[in-house]
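*Asks:* Quick one, what's the 3D model for this:
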Amino acid sequence: MFKKVLIVLVVIIAALAVIIAMQPADFRVSRSMTIAAPAATVFEQVNDFHKWDGWSPWAKLDPNMKQSHDGAPAVVGASYSWSGNDQVGEGRMTLTESRPSEMIRIKLEFLKPFTATNTAEFSFKPDGNQTTVTWSMFGTNNFMAKAFGLFMNMDKLVGSDFEKGLAQLKAVAETIGKQ
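*Replies:* Numbers count the residues shown, from 1 in each chain. Okay, the predicted model is just below:
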């Protein structure tokens, strides 16, 4: 009897491992919003990590979060590190590409509560005095991330934070644009 239960358990674990392994390796989460401000104004808020506290959806989740900035602000190579509670975790962002009023690319390294390295990207599409901003994050799922994806939808999990952040970015940029 014990042998049969053990065999069934091994078969279930093997089947689960196969199902997890067959999950998509790559993921992409993207949200867009139109902001009534010139692309240069919106770009400036994203390109300088020192300004993220004004609109980041994670900035207010931990008032005791430790933050540090390295390198000259708003240039390729600038970085921002954080360490906070369970809601914000620990990680580092490094500006890897910056094309004024067009695109920003960031290397995003998560250290806690899980380790992962992804890419965050902001694109800016001007249309008169308005700008459509698209915030994306993409990367490759390791085995554990694929397993997590069976129970949690990354698009829903992170997408709502992107929506909040874009709404807050909109409020900041539109206020600056009126000054």
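
*Asks:* Low-confidence regions, this structure specifically.
*Replies:* Along the chain, the parts satisfying pLDDT under 70 run over 17, 20-21, 143, 146-147, 149-150, 177-179.

*Asks:* Quick check: buried residues in the top helix by length along it?
*Replies:* If you go by DSSP state H, the chain has its longest helix at helix 154-178. Residues of helix 154-178 classed as buried: 154, 158-159, 161-162, 165-166, 168-170, 172-173, 177 (neighbour count, 16 or more other CB atoms under 10 Å). The C-beta positions use only the backbone N, C-alpha and C, and glycine is treated the same way.

*Asks:* Then stretch 23-40?
*Replies:* So, applying 16+ other CB under 10 Å, buried residues of stretch 23-40: 27, 29, 31, 33, 35, 37-39.

*Asks:* which residues sit against that stretch?
*Replies:* Stretch 23-40 is contacted from outside by 42, 100-102, 124-127, 129-141, 146, 149-150, 154-155, 158-159, 162-163, 166-167, 169-170, 173-174, 176-177, using CB atoms under 8 Å, 6 or more residues apart in numbering.

*Asks:* Please apply the same query to stretch 84-91.
*Replies:* Taking CB under 8 Å, 6+ apart as the rule, stretch 84-91 contacts 58, 61-62, 64-66, 81-83, 108-114.

*Asks:* so which of these comes closest to residue 8?
*Replies:* Of all the contacts of stretch 84-91, residue 8 sits closest to residue 114, with 30.7 Å by CB to CB.

*Asks:* Just confirm that closest one contacts residue 142, I think it does.
*Replies:* No: look at residue 114 against residue 142 with CB atoms under 8 Å: they stay out of range, at 9.6 Å.

*Asks:* where's the host helix or strand of residue 19 relative to the chain centroid, distance-wise?
*Replies:* Residue 19 is part of helix 2-21 when elements are defined by DSSP states H and E. Centroid separation for helix 2-21 versus its chain: 35 Å, with CA atoms, centre = their mean, to the nearest Å.

*Asks:* packing partners for it?
*Replies:* Judged by 3 or more CB pairs under 8 Å, 6 or more residues apart in numbering; DSSP states H and E, helix 2-21 is in contact with helix 143-151.
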